[in-house]
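Chemist: From the sequence below, what's the structure:
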Amino acid sequence: MTQRYVLAIDQGTTSTRCILFDQRARLAGVAQREHKQHYPRPGWVEQDALEIWRNVERIVPAALRDSGITVDQVAAVGIANQRETTVVWDRRTGTPIGRAIVWQDVRTEDLVRSFTETPGAERIRDLCGLPLATYFAAPRLRWLLDNVPGLRERAERGDVLFGTMETWLIWNLTGGADHGVHVTDVTNAGRTLLMNLATLEWDDELLRFFGIPRAMLPRIEPSTGDFGTARRVTPGVRIAAALGDQHAALFGQTCFAPGETECTYGTGGFMLMNTGTELIRSKHGLLTTIGYQVGPDPVYALEGPIAVTGSLVQWLRDNIGLITSAPEIETLAATVEDNGGCYLVPAFSGLYAPHWRSDARGLLIGLTSYITKGHIARAVLEATAWQTRDVVEAMNADSGLHASALRVAGGMTSDNLLMQTIADVLDIPVMRPIVAETVSLGAAYAAGLAVGYWPDLEGLRHNWRLAAQWIPRMDAAVREDEYDNWKRAVELTFGWVKPRRRQR
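Modeler: Below is the predicted model:
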């Protein structure tokens, strides 16, 4: 019998990967390609959606070719993607309307501020589970409609289409301008501020509030199902799953029971806790979101996004020059026993969960003549750990559950000192699986389930295998004293950015 595989396309913030998995969740082939980041103005972050599509056209054949696997051996395709990044394109030509606006972009600060003063703003979180923030797609889409001449009229006619990255890729894979399928899944739709979290449909009240024409929106589907058959790149293969990248990570880590929690540490940190079929509305600064939807009923989750984790190490390397490569930070931080009283709050473009303060900016505090570059390096690592603690505290308070362990993935998990520090400040074990590519694996799992490649969720659990574990060993009194200091430092970052004065 011919061996079959599931193909995952992981479209991330800095690169796109294609990974082929076998039935035991082992990597059978991989290819990856970075795309360019554009920063046309301070706070603006853009990408070329056509470049990303062309990268998919290159990496999928490369992964198949290099692994000796043919298209007819691919059982299904699953897609995971950077969320909230906003693409608008012409239905007839497939040409994007300018560059995609990336989730990190904060050009909509003034627009979001005006939305908070608009009647009906108090209803937003109740309807979609999310706060009004620059982080989500609807303000970016409204900004485009307001600033691109003639775009609103074209959108109302249905001549231009909106989507996040999975929608853009599926549309192109299934034919593009030649009857491509315009579709999204509940996890991505749930990050727009436009989907009703209870009905899982575009909400008329939200569309009116943000001024978004329904005609430009994709159809919403569960995370697993039929997203169309590919006519390009993998012709004849069913696209059977789509999930936002962090939801895919939750699925790939097999966090299928309430209370199970995972965090992916990349450019930022993204933590999700499975809360089961119960919709828990956060009172502690978290996002209520769809974890995934495999059957008729969605599984909900609480999410705490952290804006800056891995990018803080990059900043220390590229902007400050304190290290020459990212792995050096562990060695440098290990030259000292503690932070020496130094704390770094990386609010470079505000703070995300659980604070949601766009007026905050970064802070390095506690400096004395005793502080060395080793202390600063340790403060950089500890910033990720303490931000994780902030989110876990909020999750436990909201859910009534208690995260008994944290499953981790992402590039930063190779830093043993950081992982030990996270275990210490959380006072729970931190566990890393053998398959580190949990986002890609989650997309593959969801697609494989849809076509019967894997039988059920319990079967997927057997594939999860432990690679490394860190057990807490910090003294409890030290832990709480240090956390108090961290919280004081965070509060000092609030209110640095003042609203612009209106010109007379």
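Chemist: domain ranges for this structure?
Modeler: Domain ranges of the chain: 5-235, 254-433+465-496, per the TED database.
Chemist: Can I get these in CSV including mean pLDDT?
Modeler: Shown next, in CSV, are the domains of the chain (pLDDT from 0 to 100):
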stretch, mean pLDDT
domain 5-235, 95
domain 254-433+465-496, 93
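Chemist: How much space separates residue 62 from residue 206?
Modeler: According to C-beta to C-beta, to the nearest Å, residue 62 and residue 206 sit 41 Å apart. The C-beta positions use only the backbone N, C-alpha and C, and glycine is treated the same way.
Chemist: out of those two, which sits in the more crowded spot?
Modeler: residue 206 (20 against 16; other C-beta atoms under 10 Å).
Chemist: give me the number of residues near the nearest residue to that one once chain neighbours are set aside?
Modeler: Excluding its sequence neighbours, the residue lying closest to residue 206 (C-beta to C-beta, 6 or more residues apart in numbering) is residue 194, at 5.0 Å. By the measure other C-beta under 10 Å, the count of residues near residue 194 is 26.
Chemist: do residue 155 as well
Modeler: Neighbours of residue 155 (other C-beta under 10 Å): 24.
Chemist: what does residue 431 give?
Modeler: Neighbours of residue 431 using other C-beta under 10 Å come to 20.
Chemist: Residue 280: what's it in contact with?
Modeler: Going by C-beta atoms under 8 Å, 6 or more residues apart in numbering, residue 280 touches 288, 300, 302, 398, 399.
Chemist: roughly how far apart are it and residue 297?
Modeler: Applying C-beta to C-beta to residue 280 and residue 297 gives a distance of 15 Å.
Chemist: ok, now residue 136?
Modeler: From residue 136 to residue 297 the distance is 24 Å (C-beta to C-beta).
Chemist: Who has more neighbours out of those two?
Modeler: Per other C-beta under 10 Å, whichever of residue 136 and residue 297 has more neighbours is residue 136, with 25 against 11.
Chemist: thought the more buried one was touching residue 193?
Modeler: Yes - between residue 136 and residue 193 there is a contact at 4.7 Å, judged by C-beta atoms under 8 Å.
Chemist: shared neighbours, these two?
Modeler: residue 130.
Chemist: Correct me if wrong: residue 494 contacts residue 361.
Modeler: No - here residue 494 does not reach residue 361: they are 9.5 Å apart, not a contact under C-beta under 8 Å.
Chemist: what's the burial count for the residue lying closest to residue 490 once chain neighbours are set aside?
Modeler: What sits nearest to residue 490 in space, not counting adjacent residues and going by C-beta to C-beta, 6+ apart, is residue 345, at 5.4 Å. Residues lying near residue 345 (other C-beta under 10 Å) number 23.
Chemist: roughly how far apart are residue 345 and residue 484?
Modeler: On the measure of C-beta to C-beta, residue 345 and residue 484 end up 14 Å apart.
Chemist: got it, and residue 119?
Modeler: In terms of C-beta to C-beta, residue 119 sits 40 Å off from residue 484.
Chemist: For these two, indicate the residue with more neighbours.
Modeler: Counted by other C-beta under 10 Å, residue 119 and residue 484 do not tie: residue 484 has more neighbours, with 10 against 7.
Chemist: That one sits in which helix or strand?
Modeler: According to DSSP states H and E, residue 484 maps onto helix 476-492.
Chemist: name the helices or strands packed onto that helix?
Modeler: strand 343-345, strand 363-365, helix 373-399, helix 416-426 (3 or more C-beta pairs under 8 Å, 6 or more residues apart in numbering; DSSP states H and E).
Chemist: could these be laid out in TSV, adding distance to residue 99?
Modeler: What follows is the helices and strands packed on helix 476-492, written out as TSV (distance: least, C-beta to C-beta, whole Å):
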stretch	distance to residue 99
strand 343-345	31
strand 363-365	32
helix 373-399	29
helix 416-426	33
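Chemist: Of these, which is nearest residue 79?
Modeler: Smallest distance to residue 79 across these (C-beta to C-beta): 26.5 Å, for helix 373-399.
Chemist: May I see the buried residues of the helix or strand harbouring residue 79?
Modeler: Using DSSP H and E, residue 79 sits in strand 74-81. Residues 74, 75, 76, 77, 78, 79, 80, 81 are the ones in strand 74-81 that count as buried (16 or more other C-beta atoms under 10 Å).
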